[in-house]
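Asks: The sequence and its predicted three-dimensional model are supplied below.
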Amino acid sequence: MVSSQTDLHSAFGGVVPEIASRAHLELLGPVVSEAMERAGTGPQDLAAVAATVGPGLVGSLIVGVGAAKAYAWSWGLRLSA
C-alpha cells in the first residue's frame, strides 16, 4: 500500500505539518497491516521493529517513532531506531 497526502496539502500550496502528522496517525496502522499481509508475514516472523528518527517533520516523526515503540512493545520485539 502506498499512502499519499498530496491531495490533503495541495490546497495549501505545500505541506502543513499538523495535517501531515494527523494523516500519519490515521494511515500508519492500515499501511503496516497491508504490507505484512502482502509479505505473507506476521509479528512472529520479525526480529525487531525499526524506525527512523530523521530527517522529516517533527510531528510526523513523533507519530512514527511512537507507533514503532507500540508495535515493538505489543509484539515483544526490540526497537531499533
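Replies: Alright, I've got the coordinates.
Asks: Based on its surroundings, how many neighbours for T41?
Replies: 11 (other CB atoms under 10 Å). To be clear about C-beta, it is placed using only N, CA and C from the backbone, and glycine gets the same treatment.
Asks: Read off the pLDDT value for it.
Replies: For T41, the pLDDT comes out at 97.
Asks: Next up, the contacts around the nearest residue to A51 once chain neighbours are set aside.
Replies: Excluding the flanking residues, the one nearest A51 by CB to CB, 6 or more residues apart in numbering is A68, at 3.5 Å. Listed by CB atoms under 8 Å, 6 or more residues apart in numbering, the contact set of A68 reads V49, A50, A51, L79, A81.
Asks: Outside of the longest helix seen in the chain itself, list whatever touches it.
Replies: Across the chain, the longest stretch assigned as helix under DSSP state H is helix 17-39. Helix 17-39 has contacts (CB under 8 Å, 6+ apart) with 1, 3, 5, 8-9, 12, 42-43, 57-60, 62-64, 67, 71.
Asks: partners of the helix or strand that comes right after that helix, with directions?
Replies: Sequence-wise, the next helix or strand downstream of helix 17-39 (DSSP states H and E) is strand 48-50. Here strand 48-50 is paired, per DSSP bridges, with strand 78-80 (parallel).
Asks: Tell me which residues are up against the strand it pairs with.
Replies: Against strand 78-80 from outside (CB under 8 Å, 6+ apart): A47, A48, V49, A50, A51, A68, K69, A72.
Asks: ok, these vs V16, which is closest?
Replies: Taking CB to CB as the measure, V16 lies nearest A51 of the contacts of strand 78-80, at 22.7 Å.
Asks: Tell me if I'm right that the closest one and G66 touch.
Replies: No - A51 sits out of contact with G66 when judged by CB atoms under 8 Å, with a separation of 9.0 Å.
Asks: Show the end-to-end separation of stretch 41-58, please.
Replies: With CA to CA, to the nearest Å as the measure, stretch 41-58 spans 30 Å from end to end.
Asks: residues of that stretch that come out buried?
Replies: The neighbour-count check on stretch 41-58 (16 or more other CB atoms under 10 Å) flags L46, V49, A51, L57 as buried.
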